[in-house]
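K.L.:
okay, sequence plus prediction incoming.
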Amino acid sequence: MNAREILSKAFKEHYAIGAFNACNIETLKAIINAAKKFQSPVLIEASDGEANYIGKKELAALIRIYRQEYGVPIILNLDHGVSFDSCKEAIESGFDYVHFDGSKLPFDENLSIATEVVKLAHQHNVLVEGEIDHIEGSSADHTKEDPKSYQDASHYTDPEQAKEFVEKTGVDTFASFVGNLHGLYAEELHLNLDILKKIRQAIPNTFLSLHGGSGINDDEVKEAIKTGITKVNVNSEMRVTFKNTLQKTLNENSDVAFYKLSKEAIEATQSVVEKKIELFGSRNKV
Ligand code: G3H
Ligand code: ZN
């Protein structure tokens, strides 16, 4: 199955595909092992920084082999691509999906670059995600901060503007901003599901993604998926779990063979991914 078929199946059957960020072989293993164990399709993604750390071509080659060896559907995504050139490099490296994040640009500039990305991507059967409202925060531990300081409701997605953007650019997926934030905060995040419903009505044939999948109230994530979210991005919960587990192992072990030291961190991160696969409803959907 290609990326469009994997997402279309989720769209039709009302579950979501987890979009899990990977920045090294350890987190890749955690995601792939979880997908295999739970027989779930996954979207593996890397931000520009993560992708360039591994290498876009190297990452695409690894995913090709994992796909063959593990027999689970995997979509490889460039997450929050910062420029046309970065998206172009990912497309030419063999990515299946690119997220052009022009949300910090003026609307018209975002619109014109996204249109160019779509033109190029669709020539290579690559899907494109677009974003018009900057989804605040960062994929890190903000648990000493109040999420309200990041959530100005007036910045939530305007369904009519989403419709205009999707119709003019032809993006396949739209990144909705309805109270979701990047990162983990002092309290659970809550979504404005009424706005999400209006976005769904405004762009009924476009995949909807939910960024900031860490730290959102589980029941509201389930409601959001029922409302039409087909892709949920997760990074912070994995990053924090990986780092804290590894730190504990390093403090307790004098071993210097990293492949032995990373085992617990990989397993702990894998269980984060497994919990999300259960929550998103994609278990046994291979
Ligand atoms: O693009 C990546 C995701 O939006 C990650 O969000 O770190 O809050 O899970 P998160
Ligand atoms: Zn994101």
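P.N.:
That came through, no problem. Computed from a prediction, not measured in an experiment: that's the story for all the values here. Ligands and ions are numbered 1, 2, ... in the order given.

K.L.:
contacts and neighbour counts: CA atoms only from here.
P.N.:
Noted.

K.L.:
what residues does the stretch 1-150 of the chain have near ligand 1?
P.N.:
Counting by C-alpha under 6 Å from any ligand atom, the positions of the stretch 1-150 of the chain adjacent to ligand 1 are 79, 139.

K.L.:
whatever residue of the stretch 1-150 of the chain ends up closest to ligand 1: which element?
P.N.:
Distances from the stretch 1-150 of the chain to ligand 1, computed as C-alpha to the nearest ligand atom, single out residue 139 as the nearest residue at 3.6 Å. Secondary structure from DSSP states H and E places residue 139 in strand 137-142.

K.L.:
which elements pack onto that strand?
P.N.:
Contacts defined by 3 or more C-alpha pairs under 8 Å, 6 or more residues apart in numbering; DSSP states H and E place strand 137-142 against strand 182-185, helix 236-252.

K.L.:
what are the pairing partners of that strand, and which direction each?
P.N.:
Within its sheet, strand 137-142 is paired with strand 182-185 (parallel), according to DSSP bridges.

K.L.:
can you name the element that comes right after the partner strand?
P.N.:
Reading on from strand 182-185 to the C-terminus, the next helix or strand found by DSSP H and E is helix 193-202.

K.L.:
who does the next helix or strand after that following helix pair with, and is each partner parallel or antiparallel?
P.N.:
The C-terminal neighbour of helix 193-202 among helices and strands, as given by DSSP H and E, is strand 207-210. Paired with strand 207-210 in the same sheet, following DSSP bridges, are strand 173-176 (parallel), strand 229-234 (parallel).

K.L.:
hmm, back to that, touching, the residue of the stretch 1-150 of the chain closest to ligand 1 and residue 235? I think so.
P.N.:
Yes. Applying C-alpha atoms under 8 Å, one finds residue 139 in contact with residue 235, separated by 6.2 Å.

K.L.:
between these two, which is the more surrounded one?
P.N.:
Neighbours per residue, other C-alpha atoms under 10 Å: of residue 139 and residue 235, the larger number sits with residue 235, 24 against 20.

K.L.:
what's the spacing between the residue nearest to residue 261 when sequence neighbours are not counted and residue 25?
P.N.:
With sequence-adjacent residues excluded and distances taken as C-alpha to C-alpha, 6 or more residues apart in numbering, residue 261 is closest to residue 249, at 6.5 Å. Residue 249 sits 18 Å away from residue 25 when distances are taken as C-alpha to C-alpha, to the nearest Å.

K.L.:
ok, now residue 43?
P.N.:
Residue 43 is 16 Å from residue 25, by C-alpha to C-alpha.

K.L.:
looking at those two, which is more packed in?
P.N.:
Using other C-alpha under 10 Å as the criterion, residue 43 and residue 25 rank with residue 43 on top: 25 against 13.

K.L.:
which other residues reach the helix or strand hosting the more buried one?
P.N.:
Counting by DSSP H and E, the element that carries residue 43 is strand 42-47. Defining contact as C-alpha atoms under 8 Å, 6 or more residues apart in numbering, one finds that strand 42-47 is touched by 17-23, 28, 31, 35, 72-81.

K.L.:
quick one, which of the helices and strands packed on strand 137-142 is nearest to residue 199?
P.N.:
Distances from residue 199 to each of these were compared by C-alpha to C-alpha, and the smallest falls on strand 182-185, at 20.1 Å.

K.L.:
which stretches of the stretch 101-250 of the chain aren't confidently modelled?
P.N.:
For the stretch 101-250 of the chain, residues meeting the criterion pLDDT under 70 lie at 153-154.

K.L.:
just to revisit the earlier point, show me the contacts of strand 42-47 that map onto helices.
P.N.:
Of the positions in the contacts of strand 42-47, 28, 31, 35 sit in helices, assigned by DSSP state H.

K.L.:
thought the first one was touching residue 22?
P.N.:
Yes. In this structure, residue 28 is within contact of residue 22 by C-alpha under 8 Å, at 5.5 Å.

K.L.:
top strand in this structure by residue count?
P.N.:
strand 74-81 (DSSP state E).

K.L.:
tabulate the CA atom coordinates of that strand in CSV.
P.N.:
Extracted C-alpha coordinates of strand 74-81, given in CSV (Å, rounded to 0.1, in the frame of the first residue of the first chain):
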residue,chain,number,x,y,z
ILE,A,74,5.4,2.6,6.8
ILE,A,75,5.0,6.2,5.5
LEU,A,76,8.2,8.3,5.7
ASN,A,77,7.5,12.0,6.3
LEU,A,78,9.5,15.2,6.4
ASP,A,79,8.0,16.9,9.5
HIS,A,80,7.8,20.7,9.5
GLY,A,81,9.8,21.1,6.3
